[in-house]
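Colleague: Any chance you could fold what I've pasted below:
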Amino acid sequence: MFTLRALLDRHPTILLIDSASSRIQVGLLRLGHDPLWETAAEEAGTALFSLTEKLLARAASPLGPLPLSAIEAFLFCDGPGSVLGIRTAAVALRTWHSLHPRPSYAYTSLALVAHTLALTENLRDFSVISDARRETWHRVTVDSSGALSPLHRTPTAELIGPLMLPECFRHWSTLPQSVRTVPYDLASQLLALAGTPLFIEAPEPDAFLHEEPSYQTWTAKIHRAPAGQA
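Modeller: Numbering: from 1, shown residues only. Presented below is the predicted three-dimensional model:
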């Protein structure tokens with residue numbers, strides 16, 4: 001896994017897009033420059049492009065806005081979160097990659113929040129959750145030593161201990177009791193986690209899935225009338 005600091009050393013101009021929540025976040029991260037951020041509570045298919053355009057304009061030189069071709073790598077959240085939003089981001093990245101190939105790296109929303117709480121609040125023995133539908137929840141747990149668990153899928157009835165839900169993450173399952181809503185603010189959280197390994201290479205950006213969909217094979221059969229009704 002890579003840290004943000006290592007990725008900026010490798011790719012000095014990076015565009016980050018996050019559509020895991022209902023608050024779309026886009027950041028322009030450049031070595032030697034203050035990061036630029038834009039956010040919007042809009043539909044991902046519109047916000048991702050309008051926010052990117054704003055950021056490139058804000059990074060303008062006397063020659064005009066920073067061109068998209070100047071971006072050397074992309075970072076994106078592959079989940080958990082809004083599957084539609086994340087897949088919209090993935091389609092955008094694949095489109096931009098087809099025009100000008102460059103590396104993409106993915107990070108996990110719940111791990112980012114868990115690392116933030118463990119580092120900035122020194123929290124231990126808690127879980128960060130997001131809705132996985134059908135009365136189940138995606139979950140990352142931080143143990144007493146500060147180590148993070150892999151991503152799990154857990155029924156509502158089996159969630160125990162302090163629970164944290166990132167803000168602006170929609171939910172349809174019954175909300176567990178005593179859930180604390182915590183910030184999901186990349187502008188501040190990534191700054192605190194610049195030296196934390198969060199990112200993996202993602203040459204084919206897509207939404208994270210716990211398991212691939214399975215499909216039942218359908219076999220065509222000729223309909224025949226019941227005996228005696230012919």
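Colleague: If I look at the residue positioned nearest the centre of the chain, what pLDDT would I see?
Modeller: Closest to where the C-alpha atoms of the chain average out (CA atoms, centre = their mean) is residue 77, at 2.4 Å. Looking at residue 77, its pLDDT is 97.
Colleague: Look up the residues forming beta bridges with it.
Modeller: Taking DSSP bridges as the rule, residue 77 bridges to residue 107.
Colleague: go on, residue 200?
Modeller: Applying DSSP bridges to residue 200 gives these bridge partners: residue 106.
Colleague: Quickly note the distance from it to residue 16.
Modeller: 14 Å (CB to CB, to the nearest Å). Just so you know, the C-beta spots here come from the backbone N, C-alpha and C atoms, and that holds for glycine as well.
Colleague: Give me the more crowded residue out of these two.
Modeller: residue 16 (22 against 12; other CB atoms under 10 Å).
Colleague: Got the phi and psi for that one?
Modeller: Per-residue torsions, residue 16: phi -110, psi 130 (degrees, to the nearest 10).
Colleague: Show the contacting residues for it.
Modeller: When contacts are counted by CB atoms under 8 Å, 6 or more residues apart in numbering, residue 16 touches 25-29, 74-76, 186, 190.
Colleague: Residue 107 now?
Modeller: Neighbouring residues of residue 107 by CB under 8 Å, 6+ apart: 75-78, 198-200.
Colleague: Could you rerun that using 10 Å?
Modeller: Going by CB atoms under 10 Å, 6 or more residues apart in numbering, residue 107 touches 1-2, 4, 16, 18, 20, 75-79, 115, 186, 190, 193, 197-200, 202.
Colleague: Residue 199 now?
Modeller: Residues near residue 199 by CB under 10 Å, 6+ apart: 1-4, 6-7, 73, 75-76, 104-108, 112.
Colleague: can you rerun that using 6 Å?
Modeller: By CB atoms under 6 Å, 6 or more residues apart in numbering, the contact set of residue 199 is 2, 105, 107.
Colleague: same question, residue 75
Modeller: Counting by CB under 6 Å, 6+ apart, residue 75 touches 14, 16, 105.
Colleague: and which of those residues is nearest to residue 90?
Modeller: For the contacts of residue 75, the closest approach to residue 90 (CB to CB) belongs to residue 105, at 12.7 Å.
Colleague: Kindly tell me how buried the closest one is, as a neighbour count.
Modeller: Per other CB under 10 Å, the neighbour tally for residue 105 reads 24.
Colleague: swap in residue 38?
Modeller: 18.
Colleague: which non-adjacent residue is nearest it?
Modeller: What sits nearest to residue 38 in space, not counting adjacent residues and going by CB to CB, 6 or more residues apart in numbering, is residue 51, at 4.1 Å.
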